[in-house]
Each structure stands twice: as structure tokens, then as C-alpha cells.
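*Asks:* Show me the folded form of this:
(2 chains)
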Amino acid sequence: MKKPSKSPAFLLALAAAATAALGVAMPAAHAADKLKVGMLSTLSGAGAGLGVDIRDGFALAVQQNGGKLGGLPVETVIADDQQNPEVAKQSAERLLKRDKVDVMTGIVFSNVMLAVGPGVFAAQVPYISANAGPSQYAGEQCNPYFFNVAWQNDNLHEAIGKTVMDKGFKKVVVLAPNYPAGKDAVAGFRRYYKGVVADEIYTKLGQLDYSAELAQARAARPDAMYIFLPGGMGINFIKQFVGAGLSKDVTLFGPGFSADEDVIKAVGEPMLGMFNSSHWAHDLDNAANRRFVADFVKAYGRLPSLYASQGYDAALLIGAAVRDVKGKIEDKPALLKALKAAKFESVRGPFRFNHNQYPVQDYYLRVITKDPQGRVTNRTLGKIFEQHADAYAPQCKMK
Amino acid sequence: MDLILVAEQALNGLQFGLMLFLLAAGLTLVFGIMDLINLAHGSLYMVGAYLAAAAIAAGASFLMAVIAAVAGTALFGMLLEVTLLRRLYQRDHLSQVLATFALILMLNEGVRMIWGEQPLMLNTPVALSGPVELLPGLMYPAYRLLIIGVGLAVAVALYLLVTRTRWGMWVRAGASNRAMTTAMGVPADRLFTAVFGVGAALCALAGSLLGPLLAVQVGMGESILILAFVVIVIGGIGSIRGALVGALLVGLVDTGSRTLLPAALRQIASPEVASTLGPSIAAILIYVLMAAVLFWKPRGLFPARG
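*Replies:* As a prediction, the model looks like this:
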């Protein structure tokens, strides 16, 4: 028996097509009379740690309130966006059209957010971003249905830019993934760091091997390096940075994303002494935060990350708005107004929305040290910015 | 251009190329000898990495974990060959692609069920976690040096196995004319199972060695599988020597173009444009290389079939 002849190109095309077709369907559900929350987040792949923390933080707030938010029973419909804008768009469509969710939250990555945003706004469903804060939605494309309860992407980078400047570093190499939040990160950093940027390296989003970039950074001979690599990317980078021996001559700075519990858990002691910026820390001293951290540790057996705090705050914000409209969530204008008023006790302390519905808040400098129990974790050093707003707000025409 | 940078990038390319070789070697043999398109080859790489991670989580040393992963995956591969893949040799390529594609989905879901959605992070052994100074000013991570060493050793061992042993003679004979080989009395069944086992073991070696550098996660096999296919198309199907040369070419071109191209582009464009264009051109370059090889040498650089 004779088989068709084996053309390598044909075989390769088959292999490529088959591999590219890998996709997974999401489970779905039901119908009911309550507050339906669409939790679309990154729950698989290298960015999964972030989405899981947002989901768990959100769930903790619901659980603390006896399964309710603002008096309404909550049903959370969870979907995984696989950090893929196309998959996310389809899942969002399903949440909006079939599950008919009342509010949405959960997206981690800005490129995913920008893909999903238009559909959500068209359906007139409020979106409470517990992480992604793209500059587009803070400026000209600001939208009455988009609320960011975390930060605008540039903010944490602006804070670290100011720190690097104040500490007197002269020559910095900047490294970020090539996607919207990566561009925002470098723009934010350079807004406050006025020294020499020896090299700006952009990598593919989700890249895991940084050997080529580390060699390039070494060749530039910087005295500090600034990285924006959330999730698994940062874990791998820091391990490889130490492995390549760069940590001896180069001080590493990052936003809180590259130095929070998810990264610390994976990297451990080599991270000691890394400075990073955040709008929240687990040792911030206020009643809401103490309760959040204690309950989170009890429920999940690990310290919360800033992502978890953002998921938790998203739930509190939604709860406060539902409470203030007395459960009448069909009244969209009233609901939006109540969301914008943001009458909730944030775990980060004072919180209010700017007119573009992004936060005005304080930013802190943290350093990774050993706490009294010997755990490697963050300690807050002090404030970098007080009541800081984002740079794009003036371009937003909303009032 | 900084000489140290070039030397470091050459080592990086070598390291990446050798790991690709471990994958491509098994793929090219299975392809050349059994005439089987095994899309699930990348899944064996994933299984190997997960087995190593599981062994480390259970308290094994790194060396023990690698050995366990290699042995476990080889067994698993041979089991697959005996129970399922053997039935596919006489089918056409479309059936093979469908069946092994289904295998990818099942293995991915299986791994997800056992180890969960979240990627597992392995740490390099403490003794190898630092850098080594190769030349004044040229620091290189000890762990990557280990990978290069293991890769070279395996390449030499495979070369000796294929060119100097009876088993290797059968393999070469099988790759060049399968029907004649079986007609001459070579025990095809056992040979095929053994080849498949060796291929699976090499996958597991690559997976467990790369685990600490990358992340052990579901789907890690698919992205690298495409590169492995490119390697064997460039090298020539069924040829170990071709797989080695092809893998090193792909490794060097990929690593070199990732930094050297943006640097060159930056002379003429803004960093953002350069970094957007750079990786896309770098990704294309590998395929340009493949197209060029196919144009001048349609059977690859070292075709096994005369």
C-alpha cells in the first residue's frame, strides 16, 4: 500500500494548523434573579497567578458578606480568558448575551481589556477593572461604563521612576513586554526618571527565556535596571538575572507587580532588597486592611498580593453601589453614579475616583525583606506620591 | 559590536539549539523510520517536565528527578507506541495527524486534571544557580553551561549509537528503506518501540532541563513542536546529523536575530518600531531559512533516503 508522498512543507503546514487550532471551550450555566457578576480573568498559563488572586480576593469579600453584595445575593460566573484577546472576546460575548451578567470584572492584561471593552460598553454593562488600567480608557476613550479600582498603568511606574531618580542612579536599562501596558510602563517611568536610559528593550508578551535580553543589558553596563514583567515573566526574569550574575553590579527596580507574593513565592531569597512601588501593601495600617489580610490568610493559607487586594476592593465597590441604589441595579444611571461615588472602605486607605473614573490615591515604596516570622515578604518604607492622579485624565471629556 | 555580547549570544544560541535537537532527534527518527507524523511529540516533552517537577515536589534531588522523568516518559512513550501509535503506521497522514492531535488534547487535559491550571515553577539546583566567569568579563549562568554540556554529550552518544552499533544500523536501514529492512528480517516491532522510547526519553530530558529556566505548564509542548518540525525539515527527515545541524542553525538564528536585529534597526528607527519589527522579522527569519533550504535542497541538508 502506497501512501501519498511526504512533502516536508505540507507536513509542516498540517502540524502548524493543528497546533494553532488548540482552544478550549468554557463551561457555562443557569438563570436567576440576583446580582450576576461576570468574572473574566486569566486563570491558566503563565499569567494565571494574577487572575487567581483577583478571583480569590473578590470571592473573599462576597463570602465575608454572607454571599451577598450590597444586600443582593451574588452569583459569580467565572471564565478563563487564557491571556488571549480573541478567546476573551468570545467569553465576554457569552457572559453578556447568554448569562446576562449585571457587572463585569477580572481582566488582568491591558491588551485583553482593550479587546473586550467595546463589546461591554455597547451592552451598557458597567466594567469594574480590578487590574488592567490602559491609558486609552483613562484619556480620550474614557467611558462612563468603565471604572478602574486599581490604578492607571503608568502610575506604579511613575512612582518607581521618581524613586530611581531620587536615589541618584545615572544609567538605567528598561525592559518591558511589547503590549499596551508595557508601553504605558516605560512612558510612566520616563515621565519621572530624567537620567540616561541606556537601552529600552521590548520583549514578546509571555516570553520566558531572557538570555538574549540579559546579554544585551549587560553590554549596556547600567547601574540600575527597571523591569515591568508581571506574573511568570518576572519570576523567570529575576531567577535568570541572578543566575547571570547581573545582581552584583546592577540594582533591580520594579513595580509592585514584579515583586509581590506570587513572584516572591517562586523566587525566594534572591529577591531580598528589591525596591518596588505599590498603591497597597499587606502591612498598611488600617482596619479594613487588617481584616482583609487576616481573613485572606485564614481562607487561602497564603499572604494576599496586590492583585488580591484589587479583586477585594472591586467587590467592595460593587457592593457599596448596589447598597446605595437599594438593589435597583436595572437603573443604570443611578448605578453608574453610585459606582463613581465609591463610598466604600478601601484596604489601601483613602480612595476616590477622578473624573475619568480612575483612582486618585497614594503610592508607597516597598522593599523585600524578611519579616519577624522569617518569611520573605514586602515591607512598606514610605509614601512616594500623595493623592496622585494619572497623566491622561485631562484628555478625558467626561465630567 | 561588543565581542562579549556576541560570545554570550552564541552560547545562548547553542544552548537553545541543543535543546531543540533533543526534541528534533526523536521526531525525525519516528518520522523517518515509522513514517508517522507524531504531533503529540511535544506532549511527551510536557509530560517529562511535569514528571520532573512532581519528583522534585516529592523531595527528590534534581539529578534523581531528571532520571525519573526520563525513565517515566520513556516507559510512557513505549506504552503509547504499543497500544495506540502502532495501529497508525499503515494509515495515511491525515489519520495520523487527527489521532495524535487528539492525543495532545487528552494529555493536556490529563495534566490539567492531575497538576492543575497553574504553571509549576522549578528552581535551578543551588550549586548551579550562580554565574561562571568563562573569560574576563564574560559571565555565563552555570546552569545553562550544564545544559550545553548535557546536550553535547547526548549528541555524541546518539551519533555513536546510530553509526557504531547494530541497533543504529537497523535504524539507518529503516530510515532509508523501511520495507526492505523488514524484509531482511530486522525485528521491526521491537525496533519501532525502542526508537519511540528513545525519542520520548530525549523529550523528557529537554523538558526537565528546561523546566527551571522556563515554566512547567500545560501547552508548553505545542510552541516548541513547531520549531522542532522546522528543524527536521531543514535537516532532512530521518537524519540525526541533519537534526543536529538544523537545530543549531535555528537556535543561533533565533537568538542572534532577537538582539542583533533590534539593535541594527534602532540605528534607523525608534526603539518601539525597532522592537516591534525586530521580533517579527526574527520569527520570520527561521522560516526564510527553511524556505531557502527547501529551495536549494528540497530533501533537507542531510536526507536519510538516497
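
*Asks:* Toward the C-terminus, what is the element adjacent to the longest helix anywhere in chain B?
*Replies:* Scanning chain B for the helix with the most residues, using DSSP state H, yields helix B:3-34. Next helix or strand after helix B:3-34 toward the C-terminus (DSSP states H and E): helix B:41-57.

*Asks:* Only C-alpha atoms, please: export that next one in CSV.
*Replies:* What follows is helix B:41-57, C-alpha atoms only, in CSV (Å, rounded to 0.1, in the frame of the first residue of the first chain):
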residue,chain,number,x,y,z
HIS,B,41,5.8,14.6,20.4
GLY,B,42,5.6,18.0,22.2
SER,B,43,3.3,16.5,24.7
LEU,B,44,5.9,14.0,25.7
TYR,B,45,8.2,17.0,26.4
MET,B,46,5.5,18.4,28.7
VAL,B,47,5.0,15.1,30.4
GLY,B,48,8.7,14.9,31.1
ALA,B,49,8.8,18.3,32.6
TYR,B,50,5.8,17.6,34.8
LEU,B,51,7.2,14.3,36.0
ALA,B,52,10.5,16.1,36.9
ALA,B,53,8.5,18.8,38.8
ALA,B,54,6.5,16.1,40.6
ALA,B,55,9.6,14.2,41.6
ILE,B,56,11.2,17.4,43.0
ALA,B,57,8.0,18.2,44.8
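
*Asks:* For it, list every residue counted as buried.
*Replies:* B:41-56 (16 or more other CB atoms under 10 Å in any protein chain shown). To be clear about C-beta, it is placed using only N, CA and C from the backbone, and glycine gets the same treatment.

*Asks:* Next up, the contacts around residue 244.
*Replies:* Just so you know, I chose chain A. With contact set as CB atoms under 8 Å, 6 or more residues apart in numbering or on different chains, residue A:244 has these partners: A:211, A:214, A:215, A:218, B:131, B:139, B:140, B:141.

*Asks:* I was thinking of chain B, sorry if that wasn't clear
*Replies:* Contacts of residue B:244 by CB under 8 Å, 6+ apart are B:21, B:25, B:155, B:235.

*Asks:* what do you get for residue A:123?
*Replies:* A:96, A:97.

*Asks:* separation between it and chain B?
*Replies:* Relative to chain B, residue A:123 is positioned 28 Å away (CB to the nearest CB, to the nearest Å).

*Asks:* And stretch A:341-359, what's buried?
*Replies:* Those would be A:342, A:344-349, A:351, A:353-354, A:356-359, for stretch A:341-359 by 16+ other CB under 10 Å.

*Asks:* Flag the shaky bits of chain A, pLDDT-wise.
*Replies:* A:1-32 (pLDDT under 70).

*Asks:* where along the chain do the strands fall?
*Replies:* Assuming you mean chain A. For chain A, applying DSSP state E gives strands covering A:35-41, A:68-69, A:72-80, A:103-105, A:127-129, A:146-148, A:171-177, A:196-203, A:224-227, A:251-255, A:275-278, A:352-353, A:359-370, A:376-388.

*Asks:* Chain B is the one I meant
*Replies:* With DSSP E as the criterion, chain B has strands at B:131-135, B:138-141.

*Asks:* what's the most buried one of those?
*Replies:* Mean neighbours per residue, mean count of other CB atoms under 10 Å in any protein chain shown, is largest over these for strand B:138-141, with a mean of 22.

*Asks:* Provide the strand pairings for that strand, with the direction of each partner.
*Replies:* In the sheet, strand B:138-141 lines up against strand B:131-135 (antiparallel) (DSSP bridges).

*Asks:* So for the strand it pairs with, mean pLDDT?
*Replies:* Per-region confidence: strand B:131-135 scores 84 on mean pLDDT.

*Asks:* if we can go back for a sec, just checking, what packs against the longest helix of chain B?
*Replies:* Helix B:3-34 sits against helix A:211-220, helix B:41-57, strand B:138-141, helix B:142-164, helix B:166-176, helix B:188-210, helix B:220-235, helix B:240-266, with contacts defined as 3 or more CB pairs under 8 Å, 6 or more residues apart in numbering or on different chains; DSSP states H and E.

*Asks:* closest to residue A:291 out of the ones you listed?
*Replies:* helix B:41-57 (33.2 Å; CB to CB).

*Asks:* Next, the angle helix B:220-235 makes with the closest one.
*Replies:* 130 degrees (axes from the mean of the first three to the mean of the last three CA atoms, to 10 degrees).
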